[in-house]
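Build me a model:
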Amino acid sequence: MGQHRLAFNEQGTFKIVQLTDLHLQDVQHNALDQRTLELVERIIAIEQPDLIVYTGDIVSSHDAVDAAATEYAFRRALQCAQHAGIPFAVIYGNHDSEKHVTREQLQQIADQYTLYQGESGPAHIHGTGNYVLPIQQADGMEAAALLYFWDSGADAPEQIGGYAWIHSDQIHWYREQSKQYREQYGTVLPALGFMHIPLPEYREAWHSDTTVGGKGEDVCCPDINSGLFAALLDGQDVFAIFAGHDHDNDYCGQWHGIKLAFGRVAGYNTYGNLPRGARVIVLHEGERRLDSWLRLEDDTMMQQTSRLDYAVLDDGLD
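Numbers count the residues shown, from 1 in each chain. As a prediction, the model looks like this:
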C-alpha cells in the first residue's frame, strides 16, 4: 500500500476519476484495447485528479488468451495512473479473475506500484480489497473524509443464480470501521463508497425524482439483499456509492438520502451503446456534498441534468 498523502487542496476540494469496465484482453495486439488505454490516459491528462479509482472489470480474463496476457493488461491499466504520477485505488469486478488469474495474483501486482493506495484487506472476511482510505484536511494531518471500498464478488451460488452480494462479514467490517473513526474524531466523517456490482437499491433509485442520467439496461444487481444499505443508513457517514458493471447505465439517484451512482464504461472491447468515458467526482471539505460529471471520449464534459431512458433512445441498435 502506497504512503502518498491523500488530502483536500487549498480550495477545499478533492477530485476523483472513476474508471470502470475497461475489459482489457490483449493489449499488445488488440486495437480496441489500445484505444481504451489511450482514452484513459487522455481523461487523466485532462482532469488531473487527486485519486483514480478503478471500479472493477479492469481486465476481461475469460476472453484473454492466457494468464500472461491478463497480467500484462492489468499492469498496463495501472500504469496509466502510475506514469501520470497520480495515486490510485482498485476494486475487482466479476470478470477480473474469471479465468487464468486469481484476485490474489492481481493484488500482488497492484502492491508493486508505489502510488497504489489500496490493500488486500482483512483475510478473515469475504473478498480481496476491502479497505478504507482517509482523505486528510488541507491544512492538517487529521482525516476530513473517508473512502470505503468493498469487493462485491462475482457470481452467486448456482442454486441462487445471478451475481454475488456483499457478505455479512464485510458489513460487520464496515460497521467496525465506521465506529472506530467516529470514536476517534468525535464526529461522523462524510464518506463515499465504491464497489463493482451495484446494490439492489439501485433499482429503487432509478424511480426517484432526484435521478439524472440514463438507464439502458436492467440493473444487474444481486438477487439477495444482504443489508449493506441499511448498515450505511445506521452509520450515517456514507452519503454516496459509486458502482460499475452495467455498461448501459450511467444514472445517479438519491434513495433515502444516499446517492447511488453508476460510472461510465471506458472499454471499447465490450458491449454497450454509450460513448466511452469516465465519471469525475469532486468532494468538498467539511461538507456532505459532491459535484460530478462525465468526461467523454470526444473530450467533452457532460453534466447530467435530466433522466433519460437509453433503452428507448437506442431502440434498434445492436
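
could I get stretch 42-60 in CSV with only the CA atoms?
C-alpha atoms of stretch 42-60 as CSV (Å, rounded to 0.1, in the frame of the first residue of the first chain):
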residue,chain,number,x,y,z
ARG,A,42,-6.3,11.3,-22.1
ILE,A,43,-9.0,11.6,-19.4
ILE,A,44,-6.4,11.6,-16.7
ALA,A,45,-4.4,14.3,-18.5
ILE,A,46,-7.5,16.5,-18.9
GLU,A,47,-8.9,16.1,-15.4
GLN,A,48,-5.6,15.8,-13.3
PRO,A,49,-7.4,14.1,-10.4
ASP,A,50,-6.2,13.7,-6.9
LEU,A,51,-7.1,10.0,-7.0
ILE,A,52,-8.0,7.5,-9.6
VAL,A,53,-10.4,4.7,-8.6
TYR,A,54,-10.6,1.6,-10.9
THR,A,55,-14.0,0.1,-10.0
GLY,A,56,-13.6,-3.4,-11.5
ASP,A,57,-13.6,-5.4,-14.7
ILE,A,58,-10.2,-3.8,-15.4
VAL,A,59,-9.5,-6.9,-17.5
SER,A,60,-11.7,-9.5,-19.1
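
pLDDT below threshold where in the protein?
Low-confidence regions of the chain, defined by pLDDT under 70, span residues 1-3, 311-318.

Please give me every residue in contact with the residue nearest the centre of it.
The residue lying closest to the centre of the chain (C-alpha atoms, centre = their mean) is Thr55, at 3.0 Å. The contact partners of Thr55, taken as C-beta atoms under 8 Å, 6 or more residues apart in numbering, are 18-20, 91, 93, 194-196, 242-244, 263. To be clear about C-beta, it is placed using only N, CA and C from the backbone, and glycine gets the same treatment.

Got the phi and psi for it?
Thr55 adopts backbone torsions of phi -100, psi 50, taken as degrees, to the nearest 10.

which residues of the chain fall in helices?
For the chain, the helices defined by DSSP state H cover 31-47, 67-84, 103-110, 168-185, 201-205, 228-235, 310-313.

OK, contacts around Asn9?
Each residue near Asn9 by C-beta under 8 Å, 6+ apart is listed here: 50, 138.

Surely His62 touches Ser97?
No - between His62 and Ser97 there is no contact under C-beta atoms under 8 Å: 9.7 Å.

the more surrounded of those two?
Ser97 (21 against 14; other C-beta atoms under 10 Å).

Give the closest residue to that one in space, chain neighbours not counted.
Arg103 (4.6 Å; C-beta to C-beta, 6 or more residues apart in numbering).

Do I have it right that the one you found meets Asp96?
Yes - here Arg103 reaches Asp96: they are 6.9 Å apart, a contact under C-beta under 8 Å.

Show me which of the two is the more surrounded one.
More neighbours surround Asp96 than the other of Arg103 and Asp96, with 26 against 17 (other C-beta under 10 Å).

thinking that one is in contact with Thr102, fair?
No - in this structure, Asp96 is not within contact of Thr102 by C-beta under 8 Å, at 9.5 Å.

Hmm, Gln117 is touching Asp50, no?
No - Gln117 is beyond contact range of Asp50, at 10.8 Å (criterion: C-beta under 8 Å).

quick one: common contacting residues for those two?
With C-beta under 8 Å, 6+ apart as the test, Gln117 and Asp50 both reach 6, 87.

So which of those two has more stuff around it?
When Gln117 and Asp50 are compared for neighbours, Gln117 comes out ahead with 23 against 20, by other C-beta under 10 Å.

Would you quantify the distance from the more buried one to Ala144?
16 Å (C-beta to C-beta, to the nearest Å).

cool, Ile125 as well?
Taking C-beta to C-beta, one finds Ile125 at 27 Å from Ala144.

I'd like to know how many residues surround Thr36.
When neighbours are counted by other C-beta under 10 Å, Thr36 comes out with 30.

ok, and for stretch 9-16, which residues are buried?
Buried positions in stretch 9-16, judged by neighbour count with 16 or more other C-beta atoms under 10 Å: 14-16.

Quick one: neighbours of the spatially closest residue to Ile166 that is not a sequence neighbour, just the number.
Nearest residue to Ile166, sequence neighbours excluded (C-beta to C-beta, 6+ apart): Leu228, at 4.6 Å. Other residues within reach of Leu228, judged by other C-beta under 10 Å, total 24.
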